[in-house]
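Engineer: sequence and predicted structure below; questions after.
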Amino acid sequence: MSRGISIAVVGSGYVGLVATACFAEIGHRVICVDNDEAKLKTLAEGGVPIHEDYLPELLDRHRGHSVEFTSDLKAATQAAQAIFIAVGTPQSRTGNADLSYVDAVASEIARSIDEYKVIVEKSTVPVYTNEWIRRVIERNGVPRELFDIASNPEFLREGTAVVDFLHADRVVLGADTERAGDLLKRIYTPLTSGAYYRSANMVPGPRGEEDPPPVLLTSTKAAEIIKHASNAFLATKISFINVVANICEEAGADVEQVARGIGMDSRIGPKFLRAGVGYGGSCFPKDVAAFRHVAEQMGIDFTLLKEVAKINDEQKRRFFQKVRSALWTLRGKKIGVLGLAFKGGTDDIRESPALDIVRQMLHEGSIVSAYDPAATERAREVIPSGPQLRYVDDPYAAAQDAEALVILNEWQEFAELDLKRLHYTLRYPIIIDGRNLYDPAVMLEHGFTYLSVGRPGLSHTRDAAVGQRLP
Ligand code: UDX
């Protein structure tokens, strides 16, 4: 492996923490900076504030040797050759990205620069942010030759972020000078040369020595746009399949068959064509809005993205309507809910469609028992338990005496339920599955009324399809 490089990562959120652990894993010395002292204490003592596969193991492996946590940005800047900014870029009220954290960090970095540094945008930021950071640093009196701004977007999915980092589809390095580009290339050499995949205790994943991730060198602006455009495109793909699902549902076709048929075209590809209750999370909703805002500011009409977001909202509404029509009225009805996080495999509830749907159920007077393998504590903070809402510890407790069971995210555990047990646990054997985790024919065999997304509903009480409409 190449000799380690000194790196500072500013921000210990999902992106910052994963980058910290993974940079150390590929041989670099990393100082992770945050201004949240309580979080730093947790991290220094071995705690990991987020649920992410392999992250605890990697932090344990490198903490105290090549990973350090601090609130001292000045010292971290001075010690580092490259400073990765991984602070939040939340959505402001107007839809554009709020860059005030990036601005504050850039000013502080500027005040600490004493020799050449590469400042790398890791957070998702609108195009031109690199120029703003450059201006902020220059305004603080730093000569142009003492720094470069670069962009190294991440494409990490929560839950599989460590594997996505170490076995990336591609490594995008956006730099406008050779010096900055070279440093970034050296940082990623252990991955892009394949050397990492020779180490005995590497994190397993799809890449190997013979098949390392390719590098794409671009301008800084192109890298900024690649990140926004990738997320906007993926969100578009999901909204597209969700509308196709609705067409399938009305026509009595199965969207899973249709998605397979579309995805077998190599120009389209099979991924991100899973119909469901709509996308959520900390990236897609925010980035779709921010990218549209970027276009708008340039006088470019990107109405397509407005539609993508609208379809996503409509998908949640439509699913909720499905729950309502299965139960007729919701007031006083006992509903079991599986899934609170915005998707399976994470404890993140930001922009979770599941929480929107639970809120709506509560609003209409239902009594909800909810279970999620990892997100219960976070959900409790935003929707406290009470007479109408109970958080429970396993899926069968959620189903206990419920008049329907509603599946809202795709944890593997939810796809492997003991159907016999579920059937006698529920008061009425009705399952409304927002993630298409089961084969409708199997559910019918087990005596369930089973409603899912983009597939004809099946009821054990009559052979006719539920909700199927003939022209
Ligand atoms: C996403 C991007 O995938 C990642 O590259 C970027 O860095 C951050 O944003 P993440 O938010 O972790 O990652 O979740 P992802 O797995 O992409 O799913 C986003 C949402 O889309 C989830 O709510 C998920 O349930 C939904 N989804 C995804 C679908 O509804 N259907 C699909 O086929 C795929």
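Structural biologist: Nice, I can see it. Numbering: from 1, shown residues only.

Engineer: strands along the stretch 251-400 of the chain, start to end?
Structural biologist: Using DSSP state E, counting those that start in this stretch, the strands of the stretch 251-400 of the chain run over 334-338, 367-371, 389-391.

Engineer: now do the helices in the stretch 251-400 of the chain.
Structural biologist: 255-263, 284-297, 303-327, 353-363, 376-382, 395-399 (DSSP state H, counting those that start in this stretch).

Engineer: now those in a markdown table, with mean neighbour count, distance to the ligand and mean pLDDT?
Structural biologist: Every C-beta, even on glycine, is put in place using the N, C-alpha and C of the backbone. A markdown table is the format used below for the helices of the stretch 251-400 of the chain (neighbours: other C-beta atoms under 10 Å; distance: least, C-beta to the nearest ligand atom, whole Å; pLDDT from 0 to 100):
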| stretch | mean neighbour count | distance to the ligand | mean pLDDT |
| --- | --- | --- | --- |
| helix 255-263 | 17 | 8 | 98 |
| helix 284-297 | 22 | 5 | 95 |
| helix 303-327 | 18 | 9 | 97 |
| helix 353-363 | 21 | 7 | 98 |
| helix 376-382 | 16 | 15 | 97 |
| helix 395-399 | 23 | 18 | 98 |
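
Engineer: A106 sits in which helix or strand?
Structural biologist: helix 100-112 (DSSP states H and E).

Engineer: please apply the same query to D60.
Structural biologist: Here D60, judged by DSSP H and E, is contained in helix 55-62.

Engineer: what residues does the chain put near the ligand?
Structural biologist: Residues of the chain lying near the ligand by C-beta under 6 Å from any ligand atom: 154-158, 231, 234, 238, 272-274, 276, 279-281, 283-284, 342-343.

Engineer: recalculate using a threshold of 5 Å.
Structural biologist: Counting by C-beta under 5 Å from any ligand atom, the chain comes close to the ligand at 155-158, 238, 272, 274, 276, 279-281, 283, 342-343.

Engineer: okay, these in JSON lines with neighbour count and pLDDT next?
Structural biologist: Supplementary listing: those in JSON lines, determined by neighbours: other C-beta atoms under 10 Å; pLDDT from 0 to 100:
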{"residue": "F155", "neighbour count": "18", "pLDDT": "95"}
{"residue": "L156", "neighbour count": "20", "pLDDT": "94"}
{"residue": "R157", "neighbour count": "15", "pLDDT": "93"}
{"residue": "E158", "neighbour count": "23", "pLDDT": "90"}
{"residue": "I238", "neighbour count": "20", "pLDDT": "98"}
{"residue": "F272", "neighbour count": "16", "pLDDT": "98"}
{"residue": "R274", "neighbour count": "19", "pLDDT": "98"}
{"residue": "G276", "neighbour count": "26", "pLDDT": "98"}
{"residue": "Y279", "neighbour count": "25", "pLDDT": "98"}
{"residue": "G280", "neighbour count": "23", "pLDDT": "98"}
{"residue": "G281", "neighbour count": "22", "pLDDT": "96"}
{"residue": "C283", "neighbour count": "26", "pLDDT": "93"}
{"residue": "F342", "neighbour count": "28", "pLDDT": "97"}
{"residue": "K343", "neighbour count": "23", "pLDDT": "97"}
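
Engineer: ok, these vs Q315, which is closest?
Structural biologist: Comparing the residues of the chain next to the ligand against Q315 with C-beta to C-beta places G276 closest, at 7.6 Å.

Engineer: do I have it right that the closest one meets N242?
Structural biologist: Yes: using C-beta atoms under 8 Å, G276 is in contact with N242, at 7.2 Å.

Engineer: which residues are common contacts for the two?
Structural biologist: Shared contacts of G276 and N242, defined by C-beta atoms under 8 Å, 6 or more residues apart in numbering, are found at Q315, V453.

Engineer: re earlier: could you point out which element follows the helix holding D60?
Structural biologist: That would be, after helix 55-62 and using DSSP H and E, strand 67-70.
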